[in-house]
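Colleague: My questions are about this predicted structure, shown below with the sequence.
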Amino acid sequence: MPEPHPSPGAASAEVLVLVAHPQMEQSRANRTLMRAAGEVAAASQGRLEVRDLYALYPDYLIDVAAEQALLARAKLVVWQHPVHWYSMPPLMKLWLDEVLAFGWAYGPGGTALQGKDLWLAASTGGPEDSYRPDSYNRYFFDAFLPPYEQTAALCGMRFLPPLMLHGAHRVGQAAIEAHARIYAERLAAYPEWPELAELAECVACEVPATARPATEPEGA
Amino acid sequence: MEHGSWLTGSLVYLAAAVLAVPIAKALGLGSIIGYLAAGILIGPWGLKFVTDPQDMLHFAEFGVVLMLFLVGLELEPRRLWALRRPIFGWGSVQLFGSAALMCGAAVLLGVDWRLALVASLGLAMSSTAIGLGVMAERNLMATTSGQSVLSVMLLQDVAAIPILALVPLLAVSTEHAQGGGWLGAAKAVGVIALIVLGGRLLLRPALRWIARSKTPEIFTAASLLLVVATAALMQSVGLSMALGAFLAGVLLAESEYRRELETDIEPFKGLLLGLFFIAVGMSIDFAVVLAQPLLVAGIVLGFLVVKGVVLWAMGRTMPIPLAERPPFIILLAQGGEFGFVVFQTAAGAGVIDAPTSSLLVAAVALSMLLTPLVLLLSDRWWAARLAARALDPQLDEISEPQHAPVIIAGFGRYGQIVGRLLYANGLAATVLEHDAEQVEAVRRFGWPVFYGDAARLDLLRTAGADKARVMVLAIDDIEQSVEVAKLVREHFPRMTVVARARNVTHYYELRNLGVEIIERETLDAALMSGRSVLELLGFERHQARTLALRFRRHNVAQLEVMRPHFGDEAKLIAIAKQGRQQLEELFAQEREAARQRTERAGWGGQDGAQSDEDPATPR
């Protein structure tokens, strides 16, 4: 296939859905969700854009400039992925590492994402009742969310209540479709979500210059 | 040659060669025909500049001797040993098979058996000079047929020893016996042993001693002396001079002087070989030919057909690829210079009489003259036939319509990799390949293969182009590749073309035809090498990979930017310069940014500060 040419400037979607699944073909839940998001995107006249990271960057070579340009224009950033080892798939982590750069997304002068919303739409293989102290996952699922929440906080983003689909291996197709409908409706409705009013504004986490052994005086 | 005519002689030979060879080449006939024609022209039956070509032939035979020395230099004993089977197996089949058939036929026609035997053995020989010359001219040396031709010719050279030893034996009953048969054979064996031993033990120290004198022309003289001495030694016992030179060459093939000897002797070889062909042209005795034209034609045709049949059968079983069979047959079917030697020896020993000898010499010379012409004709005819054959349903080169989702056009090194990747993943592909040898090899893997030209619409149809989804265009030849792409775009627009481009021009040509997925064959291999260089220069492996891939992305994008200006060289250069600058700036910016990031984040070489916790995180 031709090289992916993410084109900064061309798109100015308000809602940016980033999907990461290393084996999308084998996925039931995430494929259905992505299709649903795609339908919303098609009807949105450019207001919403779906980016399948594994399809865009099959060789893990992320176009940082293009990704940052798209992020800068978005109001809502959605991370849609299956939970792998209580975390995100590797390419999405790489995306975080490279795109959410120091001095751009966080740290001194890093204000590019401030005031934006971050929404996690994830699926787990294990059923909901496996995420309990008396089951094999030993923790409620919420216990795995702080890294996400804090990532959002450090960038000055508002972390919206995640949309979770548990037991993705076993739930019936009907349940998945129903879940996907909710997903699509919310994507289409943003920012008219009833619960948004109840959420506090972004938690701003300023990084003080003294937090690191800076060699030059840095105005935060 | 008479005294004083040396200058005139040189003038005539050189002028004839200088005029005839370029003309022949311009006419597409090859230099050998040029030399032969020049010989006929200046010989006793042409302009009569030279009236006694025999002397010249003897002198010029030395060209063949030098050539075999050079062939020997290229063949290390180990390789020669590896070739022993084709040499002794197939070489014997050719030589003795042809000779036996011809001898039998001659005896049936009422010829005396001794005469028939000597004549058959002489006629069974082929011209090493023309054979190797033609193969070098056509770059056939490395091919299957080239190696087979060489093997057979080597056997002929080897067999010349017992044959030439046999000739006096046949004459034992007559008065003309020369030196006695068994004694001659013993001498022959002795001389060969001398050459092998001397070559092994003495030659290299001797050459080292000469090389130490640091006088280049003396080394050249020594090289020539070596060959001349070997040849003279062989001739003194009635053996093939060429074989002696070949042996000397093989013995030196492993020495450190091989290249030096080669370079020194090469120009002499070329000129003397030319002289040899001129002499052959001159020595065609048109009196004999004109006196009995039908007999001469009969002999030429007879032995060409007999040898041709034997060679044809050999070519099928060996197996020599279809496309290479005509040169294999034609080059070995002709008579050769060893034939002259055999007939001369036989005439000298009284086995055959002089008129018969000149009849046979004329026949051999004519066959040598015909060879390049026949080759030329066969090229045209055979190429047409091969093409037709690809479409002849009788010949199993084509099967029923195919339905694989992928068609691979061209199954050389590139197409094969694509094909094997598909195959490894359980996918089927239909292969179109132009090279018969390749087709045979590929069939063993169980691919549905079509033999033939992918630029033929009907063939594409049968290969399933109507239904296939992808056409992998992996044809080596740029022109052909573009032609096929055009055809596919025009007639099967639903099929996606995945093409291999040999270079940037090829890329643009394909791109402008609407082919979207093109890989430049050199790009990725070169990037891998570049990546290795970066690693060797101290870049981390993963970083080297990223830099190479980044460069690739930029390079591919840049190529598209330049595409509208394809053909406008000035513009292309300007854009390329600009692009290079952009890339350099980009990389420099990134390097700087990375440096600053590291510094500001306080990672300046601190151990493991960045490992699990983000140092930016406030505590």
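Modeller: Here it is on my side, so go on. Residues are numbered from 1 along each chain as shown, chains lettered A, B, ... in the order given.

Colleague: Spatially central residue (nearest the centroid) of chain B, please.
Modeller: Geometric centre of chain B, nearest residue: residue B:140, 1.8 Å, by CA atoms, centre = their mean.

Colleague: Pull out the buried positions in whichever strand or helix holds residue B:486.
Modeller: Using DSSP states H and E, residue B:486 sits in helix B:478-491. By 16 or more other CB atoms under 10 Å in any protein chain shown, the buried positions in helix B:478-491 come out as B:480-489. (C-beta placed from N, C-alpha, C; glycine too.)

Colleague: quick one: the strand or helix carrying residue B:260 to chain centroid distance?
Modeller: Element membership of residue B:260 [criterion: DSSP H and E] is helix B:258-283. Put simply, helix B:258-283 sits 19 Å off its chain's centre (CA atoms, centre = their mean, to the nearest Å).

Colleague: Who are the packing partners of it?
Modeller: On a contact count with 3 or more CB pairs under 8 Å, 6 or more residues apart in numbering or on different chains; DSSP states H and E, helix B:258-283 meets helix B:6-26, helix B:31-42, helix B:53-74, helix B:128-138, helix B:216-236, helix B:354-389.

Colleague: ok, and what's touching the fourth one?
Modeller: Think helix B:128-138. Helix B:128-138 has contacts (CB atoms under 8 Å, 6 or more residues apart in numbering or on different chains) with B:30-32, B:63-64, B:67-68, B:71, B:140-141, B:146, B:149-150, B:153, B:156-157, B:242, B:273, B:276-277, B:327, B:331-332, B:334, B:336-338, B:368, B:371-372, B:375.

Colleague: Generate a ChimeraX selection restricted to the buried subset of these.
Modeller: Restricted to buried positions by 16+ other CB under 10 Å, the ChimeraX selection for these reads:
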select /B:30,31,32,63,64,67,68,71,140,146,149,150,153,156,157,242,273,276,277,327,331,332,334,336,337,338,368,371,372,375
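
Colleague: residue ranges with poor pLDDT in chain A?
Modeller: By pLDDT under 70, the weakly predicted segments of chain A are A:1-11, A:202-204, A:208-220.

Colleague: please redo it, this time with the cut-off set to 80
Modeller: Along chain A, segments meeting pLDDT under 80 span A:1-12, A:200-220.

Colleague: Could you point out the longest helix of it?
Modeller: In chain A, ranked by residue count with DSSP state H as the criterion, the top helix is helix A:173-189.

Colleague: What residues sit buried inside that one?
Modeller: For helix A:173-189, the neighbour count (16+ other CB under 10 Å) marks A:176, A:179-180, A:183-184, A:186-188 as buried.

Colleague: Next, format those residues as TSV and append distance to residue B:310.
Modeller: Shown next, in TSV, are the buried residues of helix A:173-189 (distance: CB to CB, whole Å):
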residue	distance to residue B:310
A:176	76
A:179	80
A:180	77
A:183	80
A:184	80
A:186	85
A:187	81
A:188	84
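
Colleague: Distance to chain B added to those, as a markdown table?
Modeller: Shown next, in a markdown table, are the buried residues of helix A:173-189 (distance: CB to the nearest CB, whole Å):
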| residue | distance to chain B |
| --- | --- |
| A:176 | 29 |
| A:179 | 33 |
| A:180 | 30 |
| A:183 | 30 |
| A:184 | 31 |
| A:186 | 30 |
| A:187 | 30 |
| A:188 | 34 |
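
Colleague: Would you mind naming the helix or strand containing the residue nearest to residue B:101 when sequence neighbours are not counted?
Modeller: Among residues not flanking residue B:101 along the chain, residue B:306 sits closest, at 5.0 Å (CB to CB, 6 or more residues apart in numbering or on different chains). In this assignment (DSSP H and E), residue B:306 forms part of helix B:293-317.

Colleague: Show the contacting residues for residue B:264.
Modeller: B:219-220, B:223-224.

Colleague: One more: residue B:329?
Modeller: Contact analysis of residue B:329 by CB under 8 Å, 6+ apart lists B:308, B:311-312, B:315.
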